Every structure is written in C-alpha cells, then in structure tokens.
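**Student:** Compute the structure for the input listed below.
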Amino acid sequence: MKRGDFVEIDFVGRIASTGEIFDLTDEKVAKSSGIYDPKREYKPVLVIVGAGMVIPGVEKELMKMKPGEEREFIVKPEDAFGLRRIDLIKVISLSNFLKNNIKPVPGDVVEIDGRRARVQSVSGGRVRVDFNHPLAGKELRYKLRVVREIKTPEEKVKALMDYYKIKCETKLEGDKLIIKPEKSIHKIVSDTVKHTIEKWVKEVKSVEFKNPISKERIEAGKRENFTKT
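**Tutor:** Alright, predicted model coming up:
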C-alpha cells in the first residue's frame with residue numbers, strides 16, 4: 001500500500017506483555033475472549049494510508065502489505081502511544097473537583113480542561129492524576145488483515161460517509177461532489193468531511209453540503225409569506 005490508498009482492515013490489538021486485548025474489529029474473537037459488547041458494531045474499519053487514522057507503527061506495516069494479506073507484528077511504544085512521561089502526572093486540589101460536582105475515585109477517568117486523565121490516588125485533600133495515554137509505554141501486538149482496497153471515488157466517498165456516520169445521498173458532478181444529508185450537519189463536522197474529501201479523494205476538487213431545511217425554517221417561511229399577503 002502507499003500514501004493516499006483507501007483500505008478496510010480487520011485487526012486485533014493486544015498488550016504484548018499480557019496478551020490483553022485493548023481493541024479489535026473481529027466479533028468472533030470478541031465473543032471467544034469474553035469482551036463482546038452488543039452495543040458495538042464489529043466490522044472492518046476504514047484507513048486512509050498516511051492520514052494518521054492509525055498509530056505510526058500500524059501505518060508503517062500497512063505500507064508493506066497488499067489487499068488480502070494478513071500479518072502479525074509488534075509495535076514499540078515510540079510508534080504506538082508514546083513513552084510514559086512523569087511530567088504528565090499532576091497533583092490537583094480536591095476542591096477543584098468538588099466544586100464541579102466530581103467525586104474522584106482511584107481508577108476513574110476524568111476530564112480536566114478538555115484533557116482526559118486517570119485518577120491514581122486521593123489523599124489529604126489532593127488528587128493525583130495521570131494524563132498519559134492508558135497504553136503509553138506499552139509494547140503492542142497486532143494481528144491485522146487488509147480486507148480490501150477501495151479504488152473508485154464513489155466508493156471512497158461512501159466509505160468516508162460511513163466512517164463519519166453520516167446518512168446521505170451523494171452525487172459526483174464532474175469534479176464537484178454534492179452531499180445531501182438526511183439530517184442537518186453541524187458546520188464543524190461538514191468542514192472536517194469537506195477537508196478530508198478534498199485532500200484525499202483526488203478526483204474531487206470541491207464539496208458542497210446541501211443540508212435539509214429544518215421544520216422551524218419551513219414554519220418561519222410560512223409565517224413570513226402569510227404576513228406579506
């Protein structure tokens with residue numbers, strides 16, 4: 001595979017030292033390992049090679065693979081979630097949590113200033129929290145299969161819409177893509193999708209979202225027309 005290729009992959013990711021599964025797409029393995037979640041959808045996931053959608057170590061291996069190939073490999077911490085950093089372990093006053101109606105308990109994951117951290121200890125009015133990623137410093141073992149390569153611009157767009165969980169109709173008019181979502185899409189989301197498509201789907205030069213008109217706008221229009229008449 002090369003940079004810019006669209007592929008779907010199946011994988012099982014484990015902590016190398018313990019064999020504990022931390023993420024996977026394989027439903028059978030999830031059930032046989034006792035970690036099956038009925039609320040989760042198990043299926044191959046989209047990866048744009050070079051887009052940073054997977055950790056660097058997995059991306060490096062993908063570039064050595066071809067559709068249909070399966071590999072098992074080790075990813076060092078430097079190419080996974082980084083080494084553990086002492087400076088990311090902080091001590092914060094308990095009062096800061098209590099005033100936000102949070103009662104910290106060791107092991108809990110909390111959000112502080114938009115960053116996730118795990119509570120390590122609570123003692124003497126102080127809370128020790130760890131901002132390191134839970135898998136920081138860990139060597140990982142992946143079993144990965146490239147299910148298929150997605151080649152046509154229409155298939156790439158459909159895969160991206162599924163990835164962003166957007167139900168919509170799409171139409172490619174020359175090098176312009178028209179997207180008509182079933183529900184109105186927030187501008188932040190539509191801008192992200194637009195940027196991704198224009199960068200990675202080379203056949204598309206511009207993207208236009210046509211959000212459906214809300215009931216509120218329809219009613220407002222009716223009232224305005226009634227007033228005019």
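
**Student:** The residue nearest in space to the middle of the chain: what's its closest spatial neighbour, skipping adjacent residues?
**Tutor:** Nearest residue to the geometric centre of the chain (C-alpha atoms, centre = their mean): M53, 7.3 Å. Ranked by C-beta to C-beta, 6 or more residues apart in numbering and with sequence neighbours excluded, the top spatial neighbour of M53 is V47, at 5.0 Å. Using the backbone N, CA and C atoms, a C-beta is placed for each residue, glycine as well.

**Student:** Give the partner strands of the helix or strand hosting the one you found in its sheet and their orientations.
**Tutor:** V47 is part of strand 45-48 when elements are defined by DSSP states H and E. Strand pairing for strand 45-48, using DSSP bridges, gives strand 6-15 (antiparallel).

**Student:** which other residues reach the strand it pairs with?
**Tutor:** For strand 6-15, the external contacting residues (C-beta atoms under 8 Å, 6 or more residues apart in numbering) are 1, 20-26, 29, 44-49, 58, 62, 67, 135, 138-151, 155-156, 159, 200.

**Student:** Taking those, please make a PyMOL selection of just the buried ones.
**Tutor:** Of the contacts of strand 6-15, the buried ones can be selected in PyMOL as follows, counting by 16 or more other C-beta atoms under 10 Å:
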select buried, resi 1+21+24+25+26+29+44+45+46+47+48+49+58+62+135+138+140+141+142+143+144+145+146+147+150+156+159+200
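
**Student:** pLDDT weak spots in the chain?
**Tutor:** Low-confidence regions of the chain, defined by pLDDT under 70, span residues 214-229.

**Student:** if you go through it in chain order, where are the helices?
**Tutor:** Counting by DSSP state H, the chain forms helices over residues 27-32, 56-62, 94-98, 153-163, 187-200, 215-228, given from the N-terminal end onward.

**Student:** List the contacts of the third one.
**Tutor:** Applying C-beta under 8 Å, 6+ apart, the contact partners of helix 94-98 are K103, P104, V110, V122, G125, R126, V127.

**Student:** the domain parsing of this structure - what is it?
**Tutor:** The domain map for the chain lists 1-81+138-151, 86-130, 152-219, with the assignment taken from automatic domain parsing.

**Student:** and the gap between E20 and G13?
**Tutor:** 10 Å (C-beta to C-beta, to the nearest Å).

**Student:** Please apply the same query to R115.
**Tutor:** Distance of R115 to G13, computed by C-beta to C-beta: 23 Å.

**Student:** T25 now?
**Tutor:** Using C-beta to C-beta, T25 is found at 9 Å from G13.

**Student:** quick check, distance from stretch 21-31 to the centre of its chain.
**Tutor:** In terms of C-alpha atoms, centre = their mean, to the nearest Å, the gap separating the centre of stretch 21-31 from the centre of its chain is 17 Å.
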